[in-house]
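Participant: I'd like to go over a predicted model; first the sequence, then the structure.
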Amino acid sequence: MDPFPLERAGGVAAAINHGRHGKRGKEREPRKTRNDTEKEKGKSQKAKGKREKEKGNVGRRLSGLRKTVEKRGRIDPIRACRGDRPFALPQLPIRARRSEATPTRNPRGVPIGPQRGIPRGGDPLALTRLGMTRSGPSPRGKAKAPGPQNTCRGKGLLAEKKAREDSVEKKVLFIKNIEREGPGVFLDFVQRRRIPYRVVEAADSASVGDPDHYRAIVLLGGPKSANDPDPVIRWEEDFVRRAVEIGVPLLGVCLGMQILGKAFGGRVVSSPVKEIGFQRADGAPFVVNLRPDAVPPLLKDLPLSFTVFHLHGEMVEPAGKVRLIGTGNPCPVQVIAVGQRAVGFQGHVEITEALLRRWLREDPDLKNLPEERILEEHRRSKEERRSIAEILIGNLCRAGRT
């Protein structure tokens, strides 16, 4: 009989434990299977994707912060980084120059440097370090009144207002003296290039406003005379005079040219011959010849000789500030200029086939002409006139941006 059964049993147990736990007595980990390895790999990739997603969210927030700063010039970076609505600061231009009203210390009394916008890829909390604190609800739910540390007055606000006004692109104004005589090719040009424009009747002068509100002005033709005692004609003279004095580019066509000439000292008199259509009485086309030594910037790139369509019985005698730029036969005055930013054309280069058909139906001077012959003459030379009209309105629009 064994005298030490319990001790031997304990030794066996110890041996068993030694084999199970190893030398240090720790339990061995079970062997990993392929499924366990794939699961751990999936968890690792999922965690990595989650970290990248959070990193991307922060990057997008910072990118949106930079874009908003560039666009609006003000932002609450604390709310932006936290994902809340960032527009909680008062109307404070970031790039405003330092003035007396600009804070020199933050709320803790620490001096701050000159104000600057957040640089691209820079510190999103730069505004906070400039003393621009949160202006959102306080922890108790009451809104904080903006204090002197986040308020900018005087020149900063005026500069911001002026920048907003300048950011709105001005329109090209077309003034019609009769409904049927529209802008034609001029209108096609601005529509194709998406240039803002406005077409008004001269009788609706109350809605036009000041010439300074417009990028350029085109005064179109009509059956009236610049010598008529008509209040609309008198308003057009004053409007043209004001536009030229403040430097708004202006083009007068037919009656518009005569109003321009009379507004600056010229005389409107009867033409030697009433010019109607595309050709003179002898069958030769109506041709305009520009003087190469007197061409203003608005006529840049125009050929020195080109054909036009005529529908007038009066002309301008240059006097005062009116200069002769282009001549013709039988009417000697075809193009005039006032200064460097106002010109007048006696002939029509803006005419389209749709406009011509309507004029042939409604104008008393064109009703007796053979319609098919006039239309055929228009088709033969329409590309030349369209080119002239587009160069002319293009120069006018470009001059309005300087």
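Facilitator: Happy to help now that I have it.
Participant: Quick check: buried residues in stretch 170-179?
Facilitator: Buried residues in stretch 170-179, counted by 16 or more other Cβ atoms under 10 Å: 170, 171, 172, 173, 174, 175, 176, 177, 178. The way it works is simple: take the backbone N, C-alpha and C, and place the C-beta from them, glycine included.
Participant: just those residues now: which is nearest residue 243?
Facilitator: Using Cβ to Cβ, residue 173 comes nearest to residue 243 of the buried residues of stretch 170-179, at 9.1 Å.
Participant: So the closest one is in contact with residue 210, correct?
Facilitator: No: here residue 173 does not reach residue 210: they are 10.9 Å apart, not a contact under Cβ atoms under 8 Å.
Participant: contacting residues around residue 279?
Facilitator: 285, 286, 377 (Cβ atoms under 8 Å, 6 or more residues apart in numbering).
Participant: The second one and residue 255, how far apart?
Facilitator: Distance check for residue 286 against residue 255: by Cβ to Cβ, to the nearest Å, it reads 17 Å.
Participant: Show me where this protein has its helices.
Facilitator: With DSSP state H as the criterion, the chain has helices at 5-21, 34-72, 77-82, 126-129, 155-167, 185-192, 231-246, 255-263, 353-362, 371-399.
Participant: Comparing those helices, which yields the minimum mean pLDDT?
Facilitator: For those, the bottom mean pLDDT is recorded on helix 126-129, which sits at a mean of 44.
Participant: Out of the buried residues of stretch 170-179, name the ones that lie in strands.
Facilitator: Counted as lying in strands by DSSP state E, out of these, are 171, 172, 173, 174, 175, 176.
Participant: Out of those, the closest to residue 333 would be?
Facilitator: For these, the nearest to residue 333 is residue 175 (21.9 Å; Cβ to Cβ).
Participant: so what are the domain limits for the protein?
Facilitator: 57-103+114-164, 170-399 (automatic domain parsing).
Participant: Show the pLDDT at the closest residue to residue 350 other than its chain neighbours.
Facilitator: Spatial nearest neighbour of residue 350, chain neighbours left out: residue 184 (3.9 Å); criterion: Cβ to Cβ, 6 or more residues apart in numbering. Note on residue 184: pLDDT of 96.
Participant: How about the contacts made by residue 184?
Facilitator: Applying Cβ under 8 Å, 6+ apart, the residues near residue 184 are 348, 350, 351, 352, 355, 389.
Participant: Please report how far the first one lies from residue 251.
Facilitator: Look at residue 348 and residue 251: by Cβ to Cβ, they are 12 Å apart.
Participant: The two: which has the busier surroundings?
Facilitator: Neighbour count, other Cβ atoms under 10 Å: between residue 348 and residue 251, residue 251 has more, with 26 against 23.
Participant: Could you pick out the longest strand of the protein?
Facilitator: strand 267-277.
Participant: got the angle for that strand vs helix 255-263?
Facilitator: 160 degrees (axes from the mean of the first three to the mean of the last three Cα atoms, to 10 degrees).
Participant: circling back: just put the buried residues of stretch 170-179 in JSON lines and tack on pLDDT and distance to residue 314.
Facilitator: Shown next, in JSON lines, are those (pLDDT from 0 to 100; distance: Cβ to Cβ, whole Å):
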{"residue": "170", "pLDDT": "90", "distance to residue 314": "32"}
{"residue": "171", "pLDDT": "95", "distance to residue 314": "30"}
{"residue": "172", "pLDDT": "96", "distance to residue 314": "27"}
{"residue": "173", "pLDDT": "97", "distance to residue 314": "24"}
{"residue": "174", "pLDDT": "98", "distance to residue 314": "22"}
{"residue": "175", "pLDDT": "97", "distance to residue 314": "19"}
{"residue": "176", "pLDDT": "96", "distance to residue 314": "19"}
{"residue": "177", "pLDDT": "95", "distance to residue 314": "14"}
{"residue": "178", "pLDDT": "94", "distance to residue 314": "16"}
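Participant: quick one: which of these is nearest to residue 271?
Facilitator: Using Cβ to Cβ, these come closest to residue 271 at residue 177, 18.1 Å.
Participant: Highest neighbour count among the contacts of residue 279?
Facilitator: Most surrounded of the contacts of residue 279: other Cβ under 10 Å gives residue 286, at 22 neighbours.
Participant: Please list all residues in contact with that residue.
Facilitator: Residue 286 neighbours (Cβ under 8 Å, 6+ apart): 275, 277, 278, 279, 280, 307, 308, 309, 310, 328, 347.
Participant: Neighbours of residue 204, how many?
Facilitator: 11.
Participant: Kindly report the same for residue 297.
Facilitator: Residue 297: 14 neighbours (other Cβ under 10 Å).
Participant: so who does it touch?
Facilitator: Contacts of residue 297 by Cβ under 8 Å, 6+ apart are 340, 341, 395, 399.
Participant: TSV for these, including distance to residue 324 and neighbour count?
Facilitator: Formatted as TSV, the contacts of residue 297 follow (distance: Cβ to Cβ, whole Å; neighbours: other Cβ atoms under 10 Å):
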residue	distance to residue 324	neighbour count
340	15	12
341	17	22
395	19	21
399	21	20
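Participant: among those residues, which two are most distant?
Facilitator: 340 and 395, at 11.5 Å, using Cβ to Cβ across the contacts of residue 297.
Participant: tell me, what's touching the two both at once?
Facilitator: In contact with both residue 340 and residue 395: 297, 298, using Cβ under 8 Å, 6+ apart.
Participant: returning to what we had before: can you name the two of the contacts of residue 184 that sit furthest apart?
Facilitator: Maximum distance among those (Cβ to Cβ): 11.7 Å, for 355 and 389.
Participant: Count the residues that sit near residue 180.
Facilitator: 13.
Participant: check contacts around it.
Facilitator: So residue 180 contacts 355, 358, 359, 362, 363 (Cβ under 8 Å, 6+ apart).
Participant: Perfect, that will be all.
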